[in-house]
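1. Build the 3D model from these lines:
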Amino acid sequence: MKHFDLQKFPHKRFNLLTGEWILVSPHRAKRPWQGKVEKLNTGLKPQYDPECYLCPGNERAGGIKNPDYKSTFVFDNDFRAILPGTLPAEFNLKNLLIAKGEPGTCRVVCFSPRHDLTLADMEVKDIKNVVDVWQKEYDELGGKDFINYVQIFENKGELMGCSNPHPHGQIWAQYSIPVEPQKEMDRFLDYHLKNKSCLLCDYLKLELELKQRIIYQNESFVVLIPFWAVWPFEAMIVSRKHLRSLKDFGEDEKSRFAEAIKSLTTKYDRLLETPFPYSSGIHQAPTDGAGHDEWHFHMHFYPPLLRSATVKKFMVGYEMLANPQRDITPELSAERLRATGENS
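-> Take a look at the predicted model:
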């Protein structure tokens, strides 16, 4: 088995965080592409757009006017997917038709007053302002008695369904723990009980020894391509210390987290010389009052681009009906991102 070449032959890789498998087919990376080619919006964005409902001073839905904000700005989403007044009632018909009420709330985080600055374009000190807001919102929303999980995320670019080009993220805080964090929590807890240690602490130690999938590191965080990555240039930011959530961050951790975000997003933009679309999100301990010593803070990045700035990966067919699959190996993806160089 030691002679089995993971860069040449089809194989499955196990996702430690979800307990699921991914099929890797490196030999298929050479196949020709005659599928859909995306159109790129290459036009330069203005610093301020009078038609943008997220820019400072502009009017949002229902006549609400944004303040003339100068830094990161947060507000309640005007079209919230979950509402604080919802009762956690249950509907059950013969254990076949089952539903539950889901209280919660949704917030929007405008990273900067500038309409044209993504996280990759922002200074580290300004990204740190975003991290400050994330920490504050996690603490305040998580402190509400009807909030047990706070999901912080960003959809960047039209390819990821972003409805407004002004760089922003969202926070959905809700009564129940969502499916993906629940999968990870189950894996964290099972590993903790069996091994008396942390799953991501042990995994990160191994990755640092191997040095095959690391693309950036500083004193507090490591950016890597997970061994089990599904998306072509999927990445994770993992804290070196066993931090459970943003509440455990000091000023140094927040600054270094901002540095890690800056490094990764800049590498993405350099890779294919385009504003790199992605969905990203922070996974951290639930806010249900339990200690959650099993949890280890990390942030996922899922970019859809595959071969170029105009060819994306689709999750269809086999991946929808069987399990996820990828062609380019995580090791090659890491090599290509490392080759973009460090931030100037």
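2. tally of neighbours for residue 297?
-> Residue 297 has 24 neighbours, counted by other C-beta atoms under 10 Å. All C-beta spots, glycine's among them, are computed from the backbone N, C-alpha and C.
3. That one and residue 245 touch, don't they?
-> Yes: assessed by C-beta atoms under 8 Å, residue 297 is found in contact with residue 245 at 6.1 Å.
4. joint contacts of the two?
-> Common contacts of residue 297 and residue 245 (C-beta atoms under 8 Å, 6 or more residues apart in numbering): 284-285.
5. mind checking how far the residue nearest to residue 284 when sequence neighbours are not counted is from residue 222?
-> Spatial nearest neighbour of residue 284, excluding adjacent residues (C-beta to C-beta, 6 or more residues apart in numbering): residue 245 at 3.9 Å. Separation of residue 245 from residue 222 (C-beta to C-beta, to the nearest Å): 18 Å.
6. mind checking which helix or strand the most centrally placed residue in the chain is in?
-> Closest to where the C-alpha atoms of the chain average out (C-alpha atoms, centre = their mean) is residue 280, at 2.1 Å. Following DSSP states H and E, one finds residue 280 within strand 278-283.
7. next one: residue 261
-> Using DSSP H and E, residue 261 maps to helix 251-271.
8. From the contact counts, what lies against that helix?
-> On a contact count with 3 or more C-beta pairs under 8 Å, 6 or more residues apart in numbering; DSSP states H and E, helix 251-271 meets helix 124-142, strand 214-217, strand 221-224, strand 235-239, strand 298-302, helix 330-338.
9. List just the one of those that sits closest to residue 81.
-> Residue 81 sits nearest to helix 124-142 of all the helices and strands packed on helix 251-271, at 14.6 Å, using C-beta to C-beta.
10. Flag every buried residue along the closest one.
-> Neighbour-count burial for helix 124-142 flags 124, 126-135, 137-138, 141-142 (criterion: 16 or more other C-beta atoms under 10 Å).
11. Kindly indicate which of those residues lies nearest residue 257.
-> residue 131 (5.5 Å).
12. Go ahead and confirm the closest one touches residue 252.
-> No: using C-beta under 8 Å, residue 131 is not in contact with residue 252; the gap is 11.7 Å.
13. OK, contacts around the residue nearest to the centre of the chain?
-> Counting by C-beta under 8 Å, 6+ apart, residue 280 makes contact with 153-154, 156, 299-302.
14. Partner strands of the strand holding residue 280 and their direction?
-> Here strand 278-283 is paired, per DSSP bridges, with strand 149-156 (antiparallel), strand 298-302 (antiparallel).
15. mind exporting the helix or strand harbouring residue 109 as CSV, just the C-alpha atoms?
-> Using DSSP H and E, residue 109 maps to strand 104-110. Coordinates of the C-alpha atoms in strand 104-110 are reproduced here as CSV (Å, rounded to 0.1, in the frame of the first residue of the first chain):
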residue,chain,number,x,y,z
GLY,A,104,-33.7,32.9,15.1
THR,A,105,-32.5,36.0,13.3
CYS,A,106,-30.3,37.1,10.4
ARG,A,107,-27.7,39.9,10.3
VAL,A,108,-25.8,41.5,7.4
VAL,A,109,-22.2,42.6,7.8
CYS,A,110,-20.9,45.2,5.3
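16. in that strand, what's buried?
-> For strand 104-110, burial by neighbour count (16+ other C-beta under 10 Å) applies to 104-110.
17. List just the nearest of these to residue 61.
-> Relative to residue 61, the closest of these is residue 108; by C-beta to C-beta it sits at 11.4 Å.
18. Distance of residue 283 relative to residue 204?
-> Computed with C-beta to C-beta, the distance linking residue 283 and residue 204 is 14 Å.
19. ok, these two, which is more surrounded?
-> Between residue 283 and residue 204, counted using other C-beta under 10 Å, the more crowded position is residue 283 (24 against 21).
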